[in-house]
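# This is a predicted model, with the sequence first.
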2 protein chains.
Amino acid sequence: MPLDLTASSIDLTRAICDIDSVIDNEGPLADLIEQSVVGLDHLEVQRFGDTIVARTNLGRAQRVVIAGHIDTVPLNGNLTSRFETLDGVDYLWGRGTVDMKAGVAVQLKLAAELSEPIVDVTWIWYDHEEVSEAKNGLNRLSQSNPELLKGDFAILGEPTRSEIEGGCNGNLRAEIRTRGLRAHSARAWVGDNAIHKAAPILDLLAAYEPRTVEVDGLEYREGLNAVGITGGVAGNVIPDECMVHINYRFAPSRSGDEAIAHMHELFGELGEIEIVDLAVGARPGLDAPIAQGFVAAVGGVPMPKYGWTDVARFSRLGVPAVNYGPGDPLKAHADDERVALQQITDCENGLRAWLTATD
Amino acid sequence: MPLDLTASSIDLTRAICDIDSVIDNEGPLADLIEQSVVGLDHLEVQRFGDTIVARTNLGRAQRVVIAGHIDTVPLNGNLTSRFETLDGVDYLWGRGTVDMKAGVAVQLKLAAELSEPIVDVTWIWYDHEEVSEAKNGLNRLSQSNPELLKGDFAILGEPTRSEIEGGCNGNLRAEIRTRGLRAHSARAWVGDNAIHKAAPILDLLAAYEPRTVEVDGLEYREGLNAVGITGGVAGNVIPDECMVHINYRFAPSRSGDEAIAHMHELFGELGEIEIVDLAVGARPGLDAPIAQGFVAAVGGVPMPKYGWTDVARFSRLGVPAVNYGPGDPLKAHADDERVALQQITDCENGLRAWLTATD
């Protein structure tokens, strides 16, 4: 039986939460979503594995992409879902309620309801967001059919408490190595201590003042941290190597090459630098008129997104993108995952207001 | 057939090297040693496990203890032993030649030969030096029969190229921990980076100037080193703990309590200190007249021993002790372990000259 897309977004959230779609088991939910939208006249529906794309083709001047992932992290006794009230707030409790089936429910409801939005809309529901890059449905689609991700603006329904969080910081990880010479620690002067040589690296990190960078009107706080350090051979050996594992979170106005150059500028004299991971950030694109219309319709003050999300995949294709969805991100993946019902309704109303604005 | 203790010390070295006495298999060699000395009228022989004690009881004014271990580290295709000449130097090659059967051979020969030494002598040949404290034959004897280790001076036959190496440095290991607060590294400012807090610890270590301390006429170089460092939870987490593993080698004039106090003086403000290992050093005792007679008889300039050896067990009982034996310590445990024949003869002559001096 297909989903009832005329139900309230809250009831729809509950219905799809109770369909298990833990990573690698997205098929049954993808089937239901496809069945629920394939008969709608205003949508052109395509399926790629367990990723469903539904597009309006109204010949509007602009197109927006609105996407959400349908997989969840594994259950931990937190299904089936249930309503509960805590401190006067009504919640839907259960796996996926925050990350991110409430967002998917709102998208499904509006995809069915809005047959004549003011912009053309590409709705995307995709699989395998919670695992590796290689399996990620949006990533695969961006490679096999990049034209389907194209648009003037994109919204990812990741949980933001139904407030706009624009773009995301870039993320670089590097290993900085110092070298020395082993010796018996009873005769330390014969050796050269690589751990001692890491002192200026830690000094630099401790003293580093990360920038706050305004990008398209949002303030991005950067961060530079040691997230790991290892060194040592044995309790009686002067160590010949020490490795400091660095994580650099950088504003979306900085390119990957610039981020790498900054690492060399900081640590080039202090150790050998190996870049082990690099994902550039995404500009929020909130200076574009279409985005400003979105901000005006939704209300509130846009905030920067600090963590890396799939919005960067749109950014890479030249499409400005923001995160906007119900749920507190701190409850994502939590055993007591729960979404405030009001945020589901707020998100539904915000998106509808924007997509039907007639000013 | 007992060992022929009238053979040259070189031939005797070869004979006992070819009797496998790898750790835990000291029994057969201990049996032979016991059989070879038990019939000698001038020696009182006792056996404790695989440790043999042979004492003269001549009523001399002073007693010296001369000890050597009979176990070796495992073989690696380096037995049976053989003679060889490298760069004009004659060697005996094979496991145990350096560490320390040449020393044991010299001791056995002189134990048999010197029926009337000028001092009473306690000869000790012991098992399990190459493994743990708990199994060490000299350690067990020092607990079960401490009176047998008593004397005015002690000589341990560990390899020193047949030069006198006095006493040994103390050895302390400590773990210094910094604490912080975990957070997602995308929001580093919510956390408190424990690895960054280790910066002043490494600064201190890098800048530390170890002392050189004269003790009983020998110069002991100290050392303070990080021998390990660990910290980090995951590539996207601000770490809440960092541990720097410190090794402090300290002159034998410093007590264990003083060494611990020095750690607190240095690191007390920088982290939590846990002492994980402590072995105090041993004074060389070369200022005692009996030791000066030994130095005069042997010749050469005494040097400090930097590594910790069993001489510290004597020191703990109030007996000054030195290392003196044939073989280059750098060849101990090596696959190409080999002892220069001349050093065996030198050691034999040095000990004999001292133990028979008549002036």
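Happy to help now that I have it.
# Select the longest helix from chain A.
helix A:341-355 (DSSP state H).
# got the contact list for it?
The contact list for helix A:341-355 (C-beta atoms under 8 Å, 6 or more residues apart in numbering or on different chains) reads A:9-10, A:13, A:66, A:83, A:89-92, A:102-103, A:105-107, A:109-110, A:113-114, A:117-119, A:121, A:155, A:157, A:161-162, A:293-294, A:297-299, A:324-327. Placement of C-beta: from N, CA and C, glycine included.
# Filter those down to the ones in strands?
Secondary structure assignment by DSSP state E places A:66, A:83, A:89-92, A:121, A:155 of the contacts of helix A:341-355 in strands.
# what's the farthest-apart pair in the residues you listed?
Across the ones in strands among the contacts of helix A:341-355, the longest distance by C-beta to C-beta is 31.1 Å; it joins A:89 and A:121.
# Pull out the buried residues from the longest helix of chain A.
Within helix A:341-355, the residues that count as buried by 16 or more other C-beta atoms under 10 Å in any protein chain shown are A:341, A:343-352, A:354-355.
# related to what we said a few turns ago, out of the ones in strands among the contacts of helix A:341-355, which comes closest to chain B?
Set against chain B, the nearest of the ones in strands among the contacts of helix A:341-355 by C-beta to the nearest C-beta is residue A:155 (20.3 Å).
# what's around that closest one, how many residues?
For residue A:155, the neighbour count with other C-beta atoms under 10 Å in any protein chain shown is 27.
# which residues touch it?
A:64-67, A:294, A:321-324, A:351.
# How about residue A:273?
When contacts are counted by C-beta under 8 Å, 6+ apart, residue A:273 touches A:174-176, A:263-264, A:267.
# one more time with 6 Å, if that's ok
A:174, A:176, A:263, A:267 (C-beta atoms under 6 Å, 6 or more residues apart in numbering or on different chains).
# which among those residues gets closest to chain B?
Of all these, chain B sits closest to residue A:174, with 10.7 Å by C-beta to the nearest C-beta.
# check contacts around that closest one.
When contacts are counted by C-beta under 6 Å, 6+ apart, residue A:174 touches A:246, A:263, A:273, A:275.
# Just put those residues in TSV and tack on secondary structure, pLDDT and distance to residue A:214.
Shown next, in TSV, are those (DSSP: H, G, I helix; E, B strand; the rest coil; pLDDT from 0 to 100; distance: C-beta to C-beta, whole Å):
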residue	secondary structure	pLDDT	distance to residue A:214
A:246	strand	97	25
A:263	helix	98	23
A:273	strand	98	28
A:275	strand	96	26
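# among the residues you listed, which two are most distant?
Maximum pairwise distance among those (C-beta to C-beta): 9.7 Å, between A:246 and A:275.
# For the stretch of helix or strand residue A:64 belongs to, output the C-alpha coordinates as CSV.
Using DSSP states H and E, residue A:64 maps to strand A:63-69. The C-alpha atoms that make up strand A:63-69 are tabulated as CSV, following Å, rounded to 0.1, in the frame of the first residue of the first chain:
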residue,chain,number,x,y,z
ARG,A,63,14.9,25.4,-10.5
VAL,A,64,15.6,24.3,-6.9
VAL,A,65,16.7,20.9,-5.7
ILE,A,66,15.3,19.6,-2.4
ALA,A,67,16.9,16.4,-1.1
GLY,A,68,16.9,14.1,1.8
HIS,A,69,18.4,10.7,2.6
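# in its sheet, what does it sit against?
Taking DSSP bridges as the criterion, strand A:63-69 sits next to strand A:120-126 (parallel), strand A:153-156 (parallel) in its sheet.
# Worst mean pLDDT among those?
With a mean of 94, strand A:153-156 has the lowest mean pLDDT of these.
# who touches the next helix or strand after that one?
Next helix or strand after strand A:153-156 toward the C-terminus (DSSP H and E): strand A:165-166. For strand A:165-166, the external contacting residues (C-beta under 6 Å, 6+ apart) are A:218, A:284, A:286, A:302-303, A:305, A:322-323.
# nearest to chain B, of these?
Nearest to chain B among the contacts of strand A:165-166 is residue A:305, at 8.7 Å by C-beta to the nearest C-beta.
# center of chain A, which residue is that?
residue A:309 (1.9 Å; C-alpha atoms, centre = their mean).
# Give me the pLDDT value at that residue.
In this prediction, residue A:309 carries a pLDDT score of 86.
# One more: residue A:319?
Residue A:319 carries a pLDDT score of 90 in this model.
# The one 10 residues further on too?
As predicted, residue A:329 sits at a pLDDT of 88.
# Count the neighbours of the closest residue to it other than its chain neighbours for me.
Leaving aside its sequence neighbours, residue A:329 sits nearest to residue A:159 (C-beta to C-beta, 6 or more residues apart in numbering or on different chains; 4.9 Å). If you count neighbours by other C-beta under 10 Å, residue A:159 ends up with 26.
# Nothing else from me, thank you.
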